[in-house]
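> next come a sequence and a model predicted from it.
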There are 4 protein chains.
Amino acid sequence: MTVTVVTGNPKPASRTLTAGVMLAEQLTGSAPDHQIDLVEFGAGLLGWGDDNVAAAVKTVQESSLVVFSSPTYKASYTGLLKLFLDQFAGGTGLAGVVTVPLMLGAGPAHAMAPELTLKPVLSELGGTCALPGLYLLDATYADGPELAAYASRWKPVAQALMALEA
Amino acid sequence: MTVTVVTGNPKPASRTLTAGVMLAEQLTGSAPDHQIDLVEFGAGLLGWGDDNVAAAVKTVQESSLVVFSSPTYKASYTGLLKLFLDQFAGGTGLAGVVTVPLMLGAGPAHAMAPELTLKPVLSELGGTCALPGLYLLDATYADGPELAAYASRWKPVAQALMALEA
Amino acid sequence: MTVTVVTGNPKPASRTLTAGVMLAEQLTGSAPDHQIDLVEFGAGLLGWGDDNVAAAVKTVQESSLVVFSSPTYKASYTGLLKLFLDQFAGGTGLAGVVTVPLMLGAGPAHAMAPELTLKPVLSELGGTCALPGLYLLDATYADGPELAAYASRWKPVAQALMALEA
Amino acid sequence: MTVTVVTGNPKPASRTLTAGVMLAEQLTGSAPDHQIDLVEFGAGLLGWGDDNVAAAVKTVQESSLVVFSSPTYKASYTGLLKLFLDQFAGGTGLAGVVTVPLMLGAGPAHAMAPELTLKPVLSELGGTCALPGLYLLDATYADGPELAAYASRWKPVAQALMALEA
């Protein structure tokens, strides 16, 4: 079963990407098959029909589980991540995909953002959005207990749904 | 596996309750074990410690799947339903419960309300919130195709998770 | 111009009420004319037609500025506050009223709640919702700089709109 | 007093832009001073430091009133619009600017999107967000009564705040 991490950080190879990879590993027990760092697509994301972007959309749609990770900009997901999500068809674009909404931020004030901003978009695309939004501080995401506690709690749910929707 | 419908309509035996029962039946294949019509608790909901309310909370926590149904008041769930949800412990009150957020409304303008207002509260309580918010028009909920289409799409997910969390 | 504080805390004479009064004072320069502590209405809030509740609704509608204060329950406003807001007519119930959404919480994780849960309800009721949601920690609301900073920033806006809508 | 329309539609010269211009005119009594059609910036929006984008940010910050108009993609604002909003400083980037959130959509189901998705971002940027989110159907925005009714209701509020913050 294919597992993918999609990261919408204007800085390449960011902590946001690393956190997404860590979360995918802990939810599935192995490294993700694909890491899609959206910044690499550049202007290809601004329209429709770019080959690289289309291939990434296909990779996501064929995945069993996808972690969508974003830094928190203005108490929401980044424009960069939304550009990519805008490429999917409403209602069906993420059908059969178990989605994991992950956001990193500098402080605790925006902790509700993954649940209230990112997760509803994934749900609108028809994803199987069984896992709650996870918010991590960018200074402590790698060392704090939050990521592992979340993965431990939700791994059985993720795996049951990956098997079901396969 | 126990299935429960909780309805937060100030009018007893409402269409909101009927729609919740229909949805529970179509998601599980049989009539719900419990119907909790919150208006019957009256002032018992206004504090903590009422025996009937405590028993209802326990029934919900011991259920595998719970449909929470509410009319749409002011583009959100009712105060009556929130009074009941306020009785649960944050983070853990609905742990292990597969939740189904259902709202009825008079027109289409509030269709985003179940996903953006009710579902986040259920998620905050630690529920397994895998199913998207469902919004139905109160004039057509019983005859339109929406309820059956939703149940058909999400029944396998609900059943897999009911089995897992049991 | 009449100024009112409405508080939806199940505990009477709460810090939530005190914080609302402080905010009203700092936004207007004088003590509020009315303090409505919703818990006092008891079961009168559960239906329609209670005389005391109807009088409170009228007081709010005739006010120039109303602070709505709530503790944060389950990452949202309380059921008690929503019961009262459910008494108002959608679209017009708060027409001409400058609204101030205030929530207190135990920690910073729910700081987005006033803006994303309470303020949209006040807007749905037709209020003049020019001031952002304010979230204060219940341990430090009285001594920290946040309340005064907010009042200082938004007092001119509140006063201009109170004069306009009078 | 400077009035600006910012439009985040991947199609240039869209109905979204036209609706924004109409709304600005009806709220202020004259044509907007600036129309910023974000699609024209292309890849300049993907990073920081583009001269044209920086000039547009400055134009917005020096405006008294700005209409932000977006088509509704995935029940939210477009990634294109968010790319531009990500250029502003959190908390202060829109300080002193009266903001108007406008979204167009194909059907009524996403009517809550301007209030629940776009307006909170503008508020996070420190804007004076006194006007509610306006949602218009893209087939009828020009001929239906909604735009004029909204402008008529909120013109006095917009003008009072434009004068105040000038």
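That came through, no problem.

> wait, is A:A160 part of a helix?
Yes. Counting by DSSP: H, G, I helix; E, B strand; the rest coil, one finds A:A160 located in a helix.

> now it: how far from A:A95?
Separation of A:A160 from A:A95 (Cβ to Cβ, to the nearest Å): 18 Å. Just so you know, the C-beta spots here come from the backbone N, C-alpha and C atoms, and that holds for glycine as well.

> close to chain C: what parts of chain A are there?
Residues of chain A lying near chain C by Cβ under 8 Å from any Cβ of the partner chain: A:75, A:107-113, A:116.

> neighbour-wise, which of A:A160 and A:A95 wins?
Just comparing A:A160 and A:A95: by other Cβ atoms under 10 Å in any protein chain shown the higher neighbour count belongs to A:A160, 19 against 15.

> so what's the more buried one closest to, chain neighbours aside?
Using Cβ to Cβ, 6 or more residues apart in numbering or on different chains and skipping residues adjacent in sequence, the residue nearest A:A160 is B:L164, 4.8 Å away.

> which residues touch A:L164?
Counting by Cβ atoms under 8 Å, 6 or more residues apart in numbering or on different chains, A:L164 touches B:156-157, B:160.

> does it count as helix, strand or coil?
Following three-state DSSP, A:L164 is assigned to helix.

> now swap in A:T92 and tell me
Going by three-state DSSP: A:T92 is coil.

> how about the spatially most central residue of chain A, nearest residue that isn't a chain neighbour?
Geometric centre of chain A, nearest residue: A:F68, 0.7 Å, by Cα atoms, centre = their mean. Of all residues not flanking A:F68 in the chain, A:V6 sits nearest, at 5.1 Å (Cβ to Cβ, 6+ apart).

> counting by contacts, list what the one helix or strand that neighbour maps to packs against.
Counting by DSSP states H and E, the element that carries A:V6 is strand A:3-7. Where contact means 3 or more Cβ pairs under 8 Å, 6 or more residues apart in numbering or on different chains; DSSP states H and E, strand A:3-7 is packed against helix A:15-28, strand A:34-37, helix A:51-61, strand A:65-71, helix A:79-85.

> in JSON lines, list the ones you listed along with mean pLDDT.
Shown next, in JSON lines, are the helices and strands packed on strand A:3-7 (pLDDT from 0 to 100):
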{"stretch": "helix A:15-28", "mean pLDDT": "98"}
{"stretch": "strand A:34-37", "mean pLDDT": "98"}
{"stretch": "helix A:51-61", "mean pLDDT": "98"}
{"stretch": "strand A:65-71", "mean pLDDT": "98"}
{"stretch": "helix A:79-85", "mean pLDDT": "98"}
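
> could I get these as JSON lines with distance to A:A142?
As requested, the helices and strands packed on strand A:3-7 are exported to JSON lines (distance: least, Cβ to Cβ, whole Å):
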{"stretch": "helix A:15-28", "distance to A:A142": "7"}
{"stretch": "strand A:34-37", "distance to A:A142": "17"}
{"stretch": "helix A:51-61", "distance to A:A142": "25"}
{"stretch": "strand A:65-71", "distance to A:A142": "13"}
{"stretch": "helix A:79-85", "distance to A:A142": "21"}
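
> to C:S152, which of those lies closest?
Taking Cβ to Cβ, strand A:65-71 is the member of those nearest to C:S152, at 30.6 Å.

> tell me what angle the closest one forms with strand A:3-7.
Using axes from the mean of the first three to the mean of the last three Cα atoms, to 10 degrees, the direction of strand A:65-71 lies 20 degrees away from that of strand A:3-7.

> can you tell me what sits against strand A:65-71?
Here strand A:65-71 has contacts from A:1, A:3-9, A:14, A:16-17, A:19-21, A:23-24, A:27-28, A:32, A:60, A:77-78, A:80-81, A:85, A:94, A:97-105, A:118, A:122, A:138, A:158, A:162, using Cβ under 8 Å, 6+ apart.

> out of these, which end up buried?
If you count burial by 16 or more other Cβ atoms under 10 Å in any protein chain shown, the buried members of the contacts of strand A:65-71 come out as A:3-9, A:14, A:16-17, A:19-21, A:23-24, A:27-28, A:32, A:60, A:77-78, A:80-81, A:85, A:94, A:97-105, A:118, A:122, A:138, A:158, A:162.

> returning to that earlier point: measure the residue nearest to A:A160 to A:D33 for me?
From B:L164 over to A:D33 (counting by Cβ to Cβ), the distance is 24 Å.

> again, but for A:E40
17 Å.

> what about A:Y135, which helix or strand?
Here A:Y135 is assigned to strand A:134-137, by DSSP H and E.

> mind listing residues that contact that strand?
Residues contacting strand A:134-137 (Cβ under 8 Å, 6+ apart): A:19, A:23, A:72, A:100-108, A:110-114, A:144, A:146-147, A:150.

> flag the shaky bits of chain A, pLDDT-wise.
Filtered on pLDDT under 70, chain A yields the residue ranges A:166.
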